[in-house]
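K.L.:
predicted model and sequence follow; I will ask about them next.
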Amino acid sequence: MTVHFLLSAAARTLSLREIYKGGEDAAYETFKRMRWEDGQPVCPKCGSVEAYEITTRRKFKCKGCTHQFSVTSGTIFASRKMAFVDLLAAICIFVNAVKGLSALQLGRDLDVQYKTAFVLSHKLREALAREVEGKVLDGEVEIDGAYFGGHIRPANLKEDRIDRRKVEHQTGTRRVVVAMRQRKGRTLTFVTKGEDEGVELAARYVDRLATIFADEASHWDHLHQAWPTYRINHSAAYSLDGANTNAVESFFSRLRRMVNGQHHGVSPKYLHQYASHAAWLEDHRRRSNGVNADAVVANAMKAPVSRVWKGYWQR
């Protein structure tokens, strides 16, 4: 019996029990279906559709160039060593963690090394981020920034403590996540060293006919030159006459819970991937976990080989 794991919209149909009950063959068929919707293998080398399956090895051979390839060749899962059922289980766990998932926890759940779980998680985040590559927001767009990282632990004795707000006492790892969120639409995230860089980013990723909502920070004054812009003073109100940044603040709330509750701090090198992961979860929060898992598999099978995470630990 073939188990169709990811096609139902009911949330409870996506479970680790059903995935492992279906076994490796059913998981393999799921990945094939996500890679080639019409079921016809396409050679990643020459693009030919004339290929046949070597069933004993779960490989395909192109009749044109004789190149042998697998269902994950040329994708972000290229050169994978994990079984298909374990990959599918990892995606199930990844999707069900609505406030993010630490690599340590994923490694324990799958019984794999921390490095394996860490790289796999970031490959999935890289695939998810491709959904909004080059996207321009329109309609009503909220923009804001929030600081992450750079925590300095206070000294034990009061007389040894420093003013952690001063620049000379900073660690240099503090970053700003600038987020632009289209109401009833998608969220774009960027990691910068200053919130004021969001003005230049808005010029690139917000349509000129859009309406922007921002808080009272002075650097957002430049937005009035290019867009109809409404401001909200948070010291007076959170929402007033339709002006608010509640949607983008909701995203920051999820990201903070992810960073503080799951990862307990992130490196500025990887902060952009955690931000895009939180944005994807926030944008699709009203979809069932079955539909979201379907989307994760489809995105991963469409994403090319990662130039950041392929062979990462060997460099």
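P.N.:
Nice, I can see it. Residues are numbered from 1 along each chain as shown.
K.L.:
which parts of the chain are helices?
P.N.:
With DSSP state H as the criterion, the chain has helices at 16-35, 84-96, 103-110, 114-129, 198-205, 246-258, 271-283, 289-302.
K.L.:
let me have these in TSV, adding mean pLDDT, distance to Arg183 and mean neighbour count as columns.
P.N.:
No exception for glycine: its C-beta is placed from N, CA and C like everyone else's. Output for those, formatted as TSV (pLDDT from 0 to 100; distance: least, Cβ to Cβ, whole Å; neighbours: other Cβ atoms under 10 Å):
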stretch	mean pLDDT	distance to Arg183	mean neighbour count
helix 16-35	91	31	17
helix 84-96	95	24	22
helix 103-110	96	33	16
helix 114-129	96	21	21
helix 198-205	97	15	17
helix 246-258	97	6	19
helix 271-283	97	12	23
helix 289-302	92	21	21
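K.L.:
would you turn the ones you listed into CSV with distance to Ala226?
P.N.:
Below are those laid out as CSV (distance: least, Cβ to Cβ, whole Å):
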stretch, distance to Ala226
helix 16-35, 41
helix 84-96, 38
helix 103-110, 41
helix 114-129, 26
helix 198-205, 7
helix 246-258, 19
helix 271-283, 24
helix 289-302, 33
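K.L.:
gap between Glu200 and Trp227?
P.N.:
14 Å (Cβ to Cβ, to the nearest Å).
K.L.:
my bad, should have said Trp36
P.N.:
Taking Cβ to Cβ, one finds Trp36 at 43 Å from Trp227.
K.L.:
neighbour-wise, which of these two wins?
P.N.:
Trp227 (20 against 14; other Cβ atoms under 10 Å).
K.L.:
what's the pLDDT at the residue nearest to that one when sequence neighbours are not counted?
P.N.:
Leaving aside its chain neighbours, Trp227 sits nearest to Ile212 (4.6 Å; criterion: Cβ to Cβ, 6 or more residues apart in numbering). Ile212 is assigned a predicted lDDT (pLDDT) of 98.
K.L.:
contacts only, for Ile212.
P.N.:
Applying Cβ atoms under 8 Å, 6 or more residues apart in numbering, we find Ile212 in contact with Val141, Glu142, Ile143, Ala202, Val206, Leu223, Trp227, Pro228, Thr229, Tyr230.
K.L.:
let's go with 7 Å and repeat that
P.N.:
Val141, Ile143, Ala202, Val206, Leu223, Trp227, Thr229 (Cβ atoms under 7 Å, 6 or more residues apart in numbering).
K.L.:
quick one: which of those is most hemmed in?
P.N.:
Neighbour-wise, the contacts of Ile212 (other Cβ under 10 Å) top out at Ile143, 27 neighbours.
K.L.:
separation between it and Lys63?
P.N.:
Counting by Cβ to Cβ, the gap from Ile143 to Lys63 is 53 Å.
K.L.:
before we move on, the earlier item: mind putting the contacts of Ile212 into a markdown table with distance to Asp86?
P.N.:
Formatted as a markdown table, the contacts of Ile212 follow (distance: Cβ to Cβ, whole Å):
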| residue | distance to Asp86 |
| --- | --- |
| Val141 | 40 |
| Ile143 | 40 |
| Ala202 | 42 |
| Val206 | 41 |
| Leu223 | 47 |
| Trp227 | 47 |
| Thr229 | 49 |
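K.L.:
ok, of the residues you listed, which one's closest to Ser48?
P.N.:
Val206 (41.8 Å; Cβ to Cβ).
K.L.:
name the nearest residue to Val305, sequence neighbours excluded.
P.N.:
Nearest one to Val305, counting by Cβ to Cβ, 6+ apart, is Ala78 at 4.8 Å.
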